[in-house]
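J.: need a 3D model of the sequence below.
(chains A and B, ligands or ions: 2)
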Amino acid sequence: MSRTILAILEQRENKLKKISFEVLSFSKRLAEKYNQDVIAVAAGNEIENLSMVEKYGVSKVIHFKNEALANYSSSAYTDVISEAAKEFDAEYLIFGDTAFGKDLAPRVAARLNSGCVIDCTNVNLDGDTAVFTRPVYAGKALVDVKFNSDKKVVTIRPNIFKAHSSDDGAALNIETRNVSNPNLKTRVIDIKKSEGKLDVAEADIIVSGGRGLKAPENFNLVENLADVLGGAVGASRAAVDAGWRPHRDQVGQTGKTVSPTLYIACGISGAIQHLAGMSSSKYIVAINKDKDAPIFGVADYGIVGDLFEILPALTEEVKKIKA
Amino acid sequence: MKIVVCVSHVPDTATKVKIGADEKFIDPAGVVYIINPYDEFAVEEALKTKEKFGGEVITISVGGDNNKETIRKALAMGTDKGVLLKTDKPLDSFGIAKALSDEIKNYQPDIVFMGKQSVDYDDAIVGQLTSEMLGFSCISNVVDLKIDGQKITAEREIEGGKEVVESELPIIITAQKGLNEPRYASLKGIMAAKKKEIEEKKTGEYSNLIEVISMKKPQAKQPGRIVGTDVSAVPELVKLLHEEAKIF
Ligand SMILES: Cc1cc2nc3c(=O)[nH]c(=O)nc-3n(C[C@H](O)[C@H](O)[C@H](O)COP(=O)(O)OP(=O)(O)OC[C@H]3O[C@@H](n4cnc5c(N)ncnc54)[C@H](O)[C@@H]3O)c2cc1C
Ligand SMILES: Nc1ncnc2c1ncn2[C@@H]1O[C@H](COP(=O)(O)O)[C@@H](O)[C@H]1O
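T.: Ligands and ions are numbered 1, 2, ... in the order given. This next block holds a predicted model:
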């Protein structure tokens, strides 16, 4: 039997998350190169949109099912995924680099005695062995790495490898396996959603504010622009340390690493620790009154000027064009 | 309670990275090393746990002689004893976790604290790997922790909120910012740390499962375009976002 690639799907509240489709497309790329089959693996209870995997060219899904698996349990999920990796002789196990994937992938890797490449942002399949690229030192350098282990665990950074539809011609086969007596030593008993809206780590558009906003109430200028763009609000550490925004909004080396399509930095100077968290964004816009602010060094488009005038005008102008 | 805290010795976050001549590692010349910022939260939580339940806090670091500075920092904050696990060759996270788990076994701790991530390789996996090697429970990215007998209740940060997780001792907790406010080392603490013991041992031989082929600088971004110097530039910016970047 040839070896396989396991695409580990992530679900929350019974729905597959967007990263799962990126994981599927990435797995397909490896599969085509190495002539292997992709098997999608999901743990949960009722997962409503499992059949979506077909759209990404994967026709085999194993669903490990148990009421107690509806929420994440690192102990139980490690068991079922490691067992599946052995059963299907997986060469690669692909996870998303999310809170879920970051917790689970290394557990599975240790169980399987496998290397674990975290936060992969590029893969080179030209040679005999795949070479994975990942940022280190907060993106100030990149390393190319390869595996010296039989099984290989990879997490991919969200928003970098886009999900795209494909068709493997086979009929969808969802195999449901009821898990008896899952090991629930460590388990999620509740999820507290933050009252805000979209999380910066998942947003495709982010409008971030820094010390230049001057006061917490001025963040409504940032929120208004984020609203019309359908984006999330981020912040620099200065804004978080001042208590203007919660830590979960912080972008940067000790905050979140983001790579949205559009990142708008307002009143943020662009300290090296801030750049570390956002410089892989596709388009960066900087609004700052200091023409020498380092943020302009990474911005695609900049306006040197007063954000208190520019932000309201920008919000109105976007409204107009979207109307 | 037996408590272990693992600390890594990393370049200051303001470091400008220069690639070394071997093109595999950074050039350490001129780099200032500090205790990993997340490990300060781990040390603080270890000390708070000791204050509440009594016991001893052992600080472990894997690396070279210079890691002693970081161990001393933890000792100055108030941990009891340091252990340096010396290695001749750079280990990957798997090797570090092996070295840590082989040492931690000797203490049979109830709880091990680590940072959620080292700000050098940004792996964020050593805690989870070590827990699996030891057969301990693990909760990563923790911003709130309660210990009640054998039962642990923690909150961990996830996208869009927090998971409330229940688990059991023995456990590894990896600390995220927000878990606590790390204390400063007092002068007395710094003096006391000089007298505390740092035991030195050699790590076992571990082969790396991940091999670095090369390290490079990311492609420098093309210098951007200043669209204008006041509010009159806004329509042009929106036009660029619409037509060139095709954002909307
Ligand atoms: C260990 C460590 C970790 C760190 N981690 C992070 C991190 O994760 N994320 C992070 O962001 N930082 C981090 N920092 C902090 C970082 O070094 C900077 O201090 C911080 O990013 C500065 O935030 P800021 O740009 O909002 O403030 P400032 O640097 O004060 O910049 C404010 C900017 O606003 C502009 N401005 C002021 N008024 C206006 C106006 N009316 N209109 C337009 N522009 C205006 C100014 O020109 C200035 O450029 C870290 C630091 C350390 C030591
Ligand atoms: N060399 C090391 N020595 C001791 N602890 C370490 C070492 N490397 C990592 N750790 C611990 O593991 C955590 C996560 O590191 P990492 O997985 O490398 O990002 C750190 O915050 C430390 O607590």
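
J.: please count neighbours and contacts with C-alpha atoms only from this point.
T.: Fine.

J.: what bridges to residue A:62?
T.: residue A:41, residue A:175 (DSSP bridges).

J.: correct me, but it touches residue A:47?
T.: No: in this structure residue A:62 lies outside contact range of residue A:47 using CA atoms under 8 Å: 11.6 Å.

J.: up against ligand 1, what does the stretch 101-250 of chain A have?
T.: A:210, A:211, A:212, A:236, A:237, A:238, A:239, A:250 (CA under 6 Å from any ligand atom).

J.: ligand 2: which of the residues you listed is nearest?
T.: Within those, proximity to ligand 2 (CA to the nearest ligand atom) peaks at residue A:250, which comes in at 18.7 Å.

J.: report the beta-bridge partners for the residue nearest to that closest one when sequence neighbours are not counted.
T.: Closest residue in space to residue A:250, ignoring its immediate chain neighbours: residue A:235 at 4.9 Å, by CA to CA, 6 or more residues apart in numbering or on different chains. Counting by DSSP bridges, residue A:235 is bridged to residue A:209, residue A:250.

J.: what sits against residue 118?
T.: Just going to use chain A. Each residue near residue A:118 by CA atoms under 8 Å, 6 or more residues apart in numbering or on different chains is listed here: A:97, A:102, A:134, A:154, A:155, A:156, B:123.

J.: nope, chain B
T.: Applying CA under 8 Å, 6+ apart to residue B:118 gives the contacts B:8, B:10, B:36, B:37, B:38, B:124.

J.: take those and keep only those in helices.
T.: B:37, B:38 (DSSP state H).

J.: residue A:117 in helix, strand or coil?
T.: Under DSSP: H, G, I helix; E, B strand; the rest coil, the three-state class of residue A:117 is strand.

J.: tell me, how many residues neighbour it?
T.: 26 (other CA atoms under 10 Å in any protein chain shown).

J.: hmm, it is touching residue A:157, no?
T.: No: using CA under 8 Å, residue A:117 is not in contact with residue A:157; the gap is 11.0 Å.

J.: excluding chain neighbours, give the residue nearest to residue B:214 in space.
T.: Of all residues not flanking residue B:214 in the chain, residue B:24 sits nearest, at 4.7 Å (CA to CA, 6+ apart).

J.: please read the previous query as pertaining to residue B:242.
T.: Nearest to residue B:242 is residue B:248, by CA to CA, 6+ apart, at 5.4 Å.

J.: just the pLDDT for the one you found.
T.: Residue B:248 carries a pLDDT value of 87.

J.: residue A:1 now?
T.: For residue A:1, pLDDT reads 55.

J.: tell me, what residue is most central in chain A?
T.: For chain A, the residue nearest the mean C-alpha position is residue A:158 (2.9 Å; CA atoms, centre = their mean).

J.: if we can go back for a sec, and the residue nearest to residue B:242, what does it touch?
T.: A:322, B:241, B:242.

J.: sorry, back to before: so the residue nearest to residue A:250 sits against residue A:245, correct?
T.: Yes: with contact defined as CA under 8 Å, residue A:235 and residue A:245 form a contacting pair (6.9 Å).

J.: more neighbours, those two?
T.: Between residue A:235 and residue A:245, counting by other CA under 10 Å, residue A:235 is the more crowded of the two (31 against 21).

J.: ok, for residue A:33, nearest residue in space, not its chain neighbours?
T.: Spatial nearest neighbour of residue A:33, excluding adjacent residues (CA to CA, 6+ apart): residue A:125 at 7.2 Å.

J.: neighbours of the one you found, just the number please.
T.: 14.

J.: that one contacts residue A:133, doesn't it?
T.: No: using CA under 8 Å, residue A:125 is not in contact with residue A:133; the gap is 11.3 Å.

J.: just say helix, strand or coil for residue B:47.
T.: Residue B:47 - assigned by three-state DSSP - is helix.

J.: low pLDDT regions in chain A?
T.: Scanning chain A for pLDDT under 70 picks out the ranges A:1, A:196.

J.: got the domain ranges for it?
T.: Chain A breaks down into these domains under automatic domain parsing: A:4-178, A:205-322.

J.: rewinding a little: roughly how far does the residue nearest to residue A:250 sit from residue B:142?
T.: 21 Å (CA to CA, to the nearest Å).

J.: give the contact list for residue 23.
T.: In the absence of a named chain, this looks at chain A. Each residue near residue A:23 by CA under 8 Å, 6+ apart is listed here: A:7, A:8, A:9, A:94, A:95, A:96, A:156, A:163.

J.: could you do chain B instead?
T.: Counted by CA under 8 Å, 6+ apart, residue B:23 has contacts B:214, B:215, B:216.
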